[in-house]
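*Asks:* Here is the input, now give the coordinates:
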Amino acid sequence: MTEDNKRDYVTQEETGEVAPVDQVEGRVEAEMKRIEGSAREAAGQGLHKEEVEREGRELREEAERELDEQRNNH
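*Replies:* All right, here's what the predicted structure looks like:
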């Protein structure tokens, strides 16, 4: 690559743009957290354990907020 060609390129780091793979990774992690929270909530309901149900609900709600935040930022 010649010096002239190097000047034609702008990196994502230079523009402050988040790489698409990083955007997807964050959504996948939040979605997995949401699924885990839903599963815990359902298990707590089935076992009649309010604390497990509450923890699951809180985890699911946190993940849903993260997903909403990511949707609004992109």
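*Asks:* which parts of whichever helix in the chain runs longest are buried?
*Replies:* Counting by DSSP state H, the longest helix found in the chain is helix 20-47. Buried residues in helix 20-47, defined by neighbour count with 16 or more other C-beta atoms under 10 Å: 26, 30, 33-34, 37-38, 40-41, 44. Every C-beta, even on glycine, is put in place using the N, C-alpha and C of the backbone.
*Asks:* which SSE is residue 63 in?
*Replies:* helix 50-73 (DSSP states H and E).
*Asks:* now that helix: mean pLDDT?
*Replies:* Throughout helix 50-73, pLDDT has a mean value of 92.
*Asks:* how much distance is there from the longest helix of the chain to the middle of the chain?
*Replies:* 9 Å (C-alpha atoms, centre = their mean, to the nearest Å).
*Asks:* elements contacting it?
*Replies:* helix 50-73 (3 or more C-beta pairs under 8 Å, 6 or more residues apart in numbering; DSSP states H and E).
*Asks:* Quick one: work out the angle between the helix it packs on and helix 20-47.
*Replies:* Put simply, helix 50-73 runs at 160 degrees to helix 20-47, going by axes from the mean of the first three to the mean of the last three C-alpha atoms, to 10 degrees.
*Asks:* Tell me which other helices or strands helix 50-73 touches.
*Replies:* helix 20-47.
*Asks:* can you give me the mean pLDDT across the helix it packs on?
*Replies:* Per-residue pLDDT values over helix 20-47 give a mean of 91.
*Asks:* mind checking the SS state of residue 18?
*Replies:* Residue 18 carries the three-state label coil when classified by DSSP: H, G, I helix; E, B strand; the rest coil.
*Asks:* Counting neighbours, what do you get for the closest residue in space to it that isn't next to it in sequence?
*Replies:* Spatially, and ignoring its direct neighbours in sequence, residue 18 is nearest to residue 12 (7.4 Å; C-beta to C-beta, 6 or more residues apart in numbering). Residue 12: 11 surrounding residues under other C-beta atoms under 10 Å.
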